[in-house]
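J.: got a predicted structure here, sequence first:
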Amino acid sequence: MKQHRLAAAVALVGLVLAGCDSQTSETTLETPAQKASYGIGLNMGKSLAQEGMDDLDSNAVAQGIEDAIGKKEQRLKDEELMEAFAFLQKRAEERMVALNDESAKAGKKFLEDNAKREGVTTTASGLQYEVVTKADGAQPKATDVVTVHYEGKLTDGSVFDSSVERGSPIDLPVNGVIPGWVEGLQLMHVGEKYKLYIPSELAYGEQSPTPAIPANSVLVFDLELIAIKDTAAQE
């Protein structure tokens, strides 16, 4: 699949850049077409880098685009190109497996160490939490809708999502979020603040929804339960 995306991405850039100045050393970024062309190339480069293809030769990519736009004879046979794509795909997959294994091991070590800290409780599922602010409000059920403020981080402290930064709490169904949240929310009382340490298997596992969250990541959430919505009153 990645092999076909790589080929398609290069073909797409060639199509969009058709009619534009092919001399990249003299290219300006003034017209909408030039800006869009640069943006497509930038996005393609970021995507390929995230897929482990960060050592592609940008000059060779530009040469391929220039040859396609100029309708020149291609310099490599299709068989050679397919072999090269297959090589890059295999290498990228091997790198990704290694990174996933490394992330899983680091997450396991983090949770093992974190469980030893005073105030941290580990549940039967492996979820870890600590109570930051106690309260005696109601506890939500899995079928409830709640209002929360949160900030999600990786174990290195980097923030990947935050309603706090956006300045607006959100409403969400308890049973409509990741398993670690489903369990954690039902432990909380309205008015409380928890810190959740969620193992990857209770979060996104290997299927991360965003490059900001590497596969097999342990997620750390500062979570405040503001209210339980009166869904019956809204119907």
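T.: Structure received.
J.: where does residue 220 fall, secondary structure wise?
T.: Counting by DSSP states H and E, the element that carries residue 220 is strand 219-228.
J.: give the pairing partners of that strand; include direction for each.
T.: For strand 219-228, sheet partners with direction are given as strand 145-154 (antiparallel), strand 193-198 (antiparallel), following DSSP bridges.
J.: ok, and what's touching that strand?
T.: 132-133, 137-138, 140, 144-155, 164, 169, 180-181, 184-185, 188-198, 200, 203-204, 213 (CB atoms under 8 Å, 6 or more residues apart in numbering). (Glycine included, C-beta is placed from N, CA and C.)
J.: filter the residues you listed to the buried ones?
T.: The neighbour count (16 or more other CB atoms under 10 Å) marks 140, 144-146, 148-155, 169, 180-181, 184-185, 188-190, 192-198, 200, 203-204, 213 as buried among these.
J.: which SS class is residue 66?
T.: At residue 66 the chain is in helix, as set by DSSP: H, G, I helix; E, B strand; the rest coil.
J.: for residue 60, see how far away it is.
T.: Distance from residue 66 to residue 60, counting by CB to CB, to the nearest Å: 11 Å.
J.: who has more neighbours out of those two?
T.: Neighbours per residue, other CB atoms under 10 Å: of residue 66 and residue 60, the larger number sits with residue 66, 15 against 10.
J.: need phi/psi at the residue nearest the centre of the chain.
T.: Centroid-nearest residue in the chain, with CA atoms, centre = their mean: residue 210, separated by 1.7 Å. For residue 210, the backbone dihedrals (degrees, to the nearest 10) come out as phi -150, psi 150.
J.: measure it to residue 203 for me?
T.: Distance of residue 210 to residue 203, computed by CB to CB: 12 Å.
J.: one more: residue 128?
T.: As judged by CB to CB, residue 128 and residue 203 stand 12 Å apart.
J.: next one: residue 164
T.: Look at residue 164 and residue 203: by CB to CB, they are 19 Å apart.
J.: kindly list the longest helix within this protein.
T.: Secondary structure of the chain per DSSP state H: the longest helix is helix 78-114.
J.: what helices or strands is it leaning on?
T.: Secondary-structure packing of helix 78-114 (3 or more CB pairs under 8 Å, 6 or more residues apart in numbering; DSSP states H and E): helix 2-16, strand 193-198.
J.: rank those by mean pLDDT and give me the bottom one.
T.: Here the lowest mean pLDDT among the helices and strands packed on helix 78-114 goes to helix 2-16, at a mean of 44.
J.: so the strand holding residue 220 versus helix 78-114, what angle?
T.: Angle, strand 219-228 to helix 78-114, by axes from the mean of the first three to the mean of the last three CA atoms, to 10 degrees: 70 degrees.
J.: mind showing which ranges of this structure have poor pLDDT?
T.: Within the chain, the segments meeting pLDDT under 70 span 1-26, 50-54, 230-235.
J.: now with 90?
T.: Within the chain, the segments meeting pLDDT under 90 span 1-30, 32-74, 76-78, 80-81, 84-104, 206-212, 214-215, 230-235.
J.: distance between the ends of stretch 121-141?
T.: In stretch 121-141, first residue to last residue: 21 Å (CA to CA, to the nearest Å).
J.: neighbouring contacts of that stretch?
T.: Applying CB under 8 Å, 6+ apart, the contact partners of stretch 121-141 are 111, 114-115, 117, 119-120, 146, 174, 179-180, 183-199, 201-202, 222, 224-225, 228.
J.: let's see that with 7 Å instead.
T.: For stretch 121-141, contacts defined as CB atoms under 7 Å, 6 or more residues apart in numbering pick out 111, 114-115, 119-120, 146, 174, 180, 183-199, 202, 228.
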